[in-house]
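Undergrad: Okay, sequence plus prediction incoming.
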Amino acid sequence: MLSVVLAVTCGAAGPLGSAAHATGRPAGDRVGVSDTEQHLVAPATGGYDVVAELSVGVGPREVGVETPEHGPSWGPASFDVTDDGRLYVLDGVNRVLHVIAESGAYEPSIPFPAAVACPEDVDVTEHGIYLLDLAATPPAVQRMNADGVLTDSWEIPWSVYEDGISGLRVREAAAHVEATPGAAAAPTVYLEIDGAWEIPLLSAGRRVDARVPKLRNGDVVDVPATERAHYAVGSTRGTTAFSVAKDWDTSQEATVDVYRNGRPSRIHVKTEARLGAVKALDADDAGTVYVFAEELAGNEVRAFVKSFDASGKPSELGELPLAEYATHPRHPLRVTDNGDVLALVPGADKVSIVRLRTSEDPSDSLGRPMAALDGGPEAPTPEEVASTRGTASGAGVLASVREFFGRLFSPERAHAAWTQVNAYDRAMQYCANSWYCSVYNYYPNGVNIRPRYITSYNRYWMSVPYCWGGWDLPSTFNYLMSKRYDAGDINTSTSGKQPSTAGTDCSGLVSRLWGLGHKRSTSCVAYWGLGATDVSYYLGLPGSARERLGDIYLKPNSHVMMVDYLTSGGARVFESTKSDSYDRVVHVIRAWSAMPGYYVRRYNNWWQ
């Protein structure tokens, strides 16, 4: 049994509003923070109580889950709980918002408007339902009413989107609505950046140009963008703000600073094994602060929540049942005003909302198995890669053999001088690509299936669409659009790339980003066991390999993505993916705990 030690001092936290605002602070700038410590063993589990359940499927009161053969599975991304106890579950696959009353009765689901592509986060207020829709082009915060009618939309500027949007929080100026009968709510919308920062997009209904995060007490905190991976900020409400700093040298410690009206206190998080994500979730009406953390040990992960009252006294909360997760929500936790911690648990057959149960007995968790992070036999063990070279099995061997003999007649033509900076620049060219979709590009031929984010023609779209078997460069793709090729193809059930299609799949993208001379499949991007011509070598598991720009997260015969930089609980990656209805090349955040079966490899032909 691995133990976790938390030491905490936490000042009183104020009452809650309905919105969030937070920022990070450099580790060296912590004047006036108290460092009194209490020590206790954690995580202990009190288990959980099931609050509500929905079946997995495509019918009424059923939550959609998509498990493609190639690429990551995805399902419900987030949920929200309102003051009246209603639960709202975000179902991007079936394109509805499920509503469950406090009594447990199911209410009619709310369909998404046609203009909404695939929301990743939701915040329900008295005057509207706010959706973070990053799959839309351009990405936007959308507001709809209880009938599913779109009432407002606010575009997220490209410069802000590229900072790594991961969530949203909303406050509404109720006084404005009450003083002006019939007026629309004037929202203040905060965007969560990298699972961390929160910056305002709207303030009382007006655009906010300033992008420097500010605490509610007026302090300005400016952390260089190059150091963003070292800091994380949790959601905030009312006058309470949180700043989380992770120690990347030890990978076992983090500090959570709690700010209330400019008065800071500090929580220390320490683990015996590797520390994964750390996030200050929220504070409730009584001033209790809730902290989420992960412990990563080898190929296993444990996720748990700790609470600290206004005097700093800690309480044990149940672990998240990660072993039951069939997919990994972007926002699986919510804290209610009365201090309940609710978790979204998407299983293979049902999706549950559970309430984590408090326990004062640390022995409750002794012997409890951790959920597997490395979930498949395809990932090599350290013994199998003692020489830092990967091995293959099954279909991977056959594919490698075919590619080996193919290379006898078509040698690898890689760039002579190719660097990680070249890879990054090319990746950004993919994401920022603008192309015109005509009616000829819009309607697919034969068995081809159009990417879901392309909802109309005779207009411009961003990025390069997902295309099964493709590996077109942005310039090549744009040229083929002028020649009336199909704009992408998300039908992965065929044997390979179909005629008259253009775009790139996940391995085609990585092949281009690594500057390879021909397209590699996900089973061959490592080129296992076939001598000195290997193009990459094994590093370890996600989050443990100290991965850097240009490395890849690989799940053979399924999916691959290239690392940009690390965040507090995962990594910002470039990938061509069908997940979350993106259906294109994107620059997004993926949590380490959401990568079962993945491991890290590094290209061995970077120009030094």
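TA: Perfect, I can see it now.

Undergrad: gap between the helix or strand hosting Leu317 and the chain center?
TA: Per DSSP states H and E, Leu317 falls inside strand 314-319. The chain centre lies 24 Å from the centre of strand 314-319; the measure is Cα atoms, centre = their mean, to the nearest Å.

Undergrad: List phi and psi for the spatially closest residue to Ala185 that is not a sequence neighbour.
TA: Leaving out its chain neighbours, the residue that sits closest to Ala185 by Cβ to Cβ, 6 or more residues apart in numbering is His127, at 3.6 Å. (Glycine included, C-beta is placed from N, CA and C.) Backbone torsions of His127, given as degrees, to the nearest 10, read phi -110, psi 0.

Undergrad: so His127 makes contact with Glu172?
TA: Yes - with contacts counted by Cβ atoms under 8 Å, His127 reaches Glu172, the gap being 5.6 Å.

Undergrad: So between these two, which is more surrounded?
TA: Glu172 (24 against 19; other Cβ atoms under 10 Å).

Undergrad: show me the contacts for the more buried one.
TA: Ser18, Thr125, Glu126, His127, Gly128, Ala185, Ala186, Pro187, Thr188 (Cβ atoms under 8 Å, 6 or more residues apart in numbering).

Undergrad: which stretches of the stretch 301-450 of the chain form strands?
TA: 314-319, 333-335, 341-346, 350-356, 358-359, 371-372, 434-437 (DSSP state E, counting those that start in this stretch).

Undergrad: Could you tell me which strands sit next to the second one in the sheet, and their orientation?
TA: Same thing as strand 333-335. strand 341-346 (antiparallel) (DSSP bridges).

Undergrad: now the angle from the strand it pairs with to strand 314-319?
TA: Strand 341-346 runs at 20 degrees relative to strand 314-319, counting by axes from the mean of the first three to the mean of the last three Cα atoms, to 10 degrees.

Undergrad: can you list the residues that contact strand 341-346?
TA: Contacts of strand 341-346 (Cβ under 8 Å, 6+ apart): 48, 51, 56, 63, 65, 75-76, 78-79, 81, 87, 89, 281, 290, 305, 307, 317, 320-321, 324-329, 331-336, 351-356.

Undergrad: hmm, which of those residues are the buried ones?
TA: The neighbour-count test (16 or more other Cβ atoms under 10 Å) marks 48, 51, 56, 63, 65, 75-76, 78-79, 81, 87, 89, 281, 290, 305, 307, 317, 320-321, 325-329, 331-336, 351-356 as buried among these.

Undergrad: sorry, back to before: Throw the strands of the stretch 301-450 of the chain into CSV and include distance to Val421 and mean pLDDT, thanks.
TA: Formatted as CSV, the strands of the stretch 301-450 of the chain follow (distance: least, Cβ to Cβ, whole Å; pLDDT from 0 to 100):
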stretch, distance to Val421, mean pLDDT
strand 314-319, 41, 77
strand 333-335, 37, 90
strand 341-346, 38, 93
strand 350-356, 42, 92
strand 358-359, 50, 64
strand 371-372, 35, 48
strand 434-437, 23, 96
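
Undergrad: With distance to Tyr106 added, can I get the ones you listed in a markdown table?
TA: Shown next, in a markdown table, are those (distance: least, Cβ to Cβ, whole Å):
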| stretch | distance to Tyr106 |
| --- | --- |
| strand 314-319 | 25 |
| strand 333-335 | 19 |
| strand 341-346 | 16 |
| strand 350-356 | 12 |
| strand 358-359 | 28 |
| strand 371-372 | 29 |
| strand 434-437 | 39 |
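
Undergrad: For Asn299, find the nearest of these.
TA: Nearest to Asn299 among these is strand 371-372 (6.1 Å), distances taken as Cβ to Cβ.

Undergrad: Just confirm Ser593 is within a helix.
TA: Yes - under DSSP: H, G, I helix; E, B strand; the rest coil, Ser593 falls within a helix.

Undergrad: isn't it right up against Val301?
TA: Yes - with contact defined as Cβ under 8 Å, Ser593 reaches Val301; the gap is 4.8 Å.

Undergrad: who has more neighbours, these two?
TA: When Ser593 and Val301 are compared for neighbours, Val301 comes out ahead with 29 against 23, by other Cβ under 10 Å.

Undergrad: The closest residue to Ala423 other than its chain neighbours and Ile267, how far apart?
TA: Excluding the flanking residues, the one nearest Ala423 by Cβ to Cβ, 6+ apart is Leu513, at 4.5 Å. Distance, Leu513 to Ile267, by Cβ to Cβ, to the nearest Å: 39 Å.
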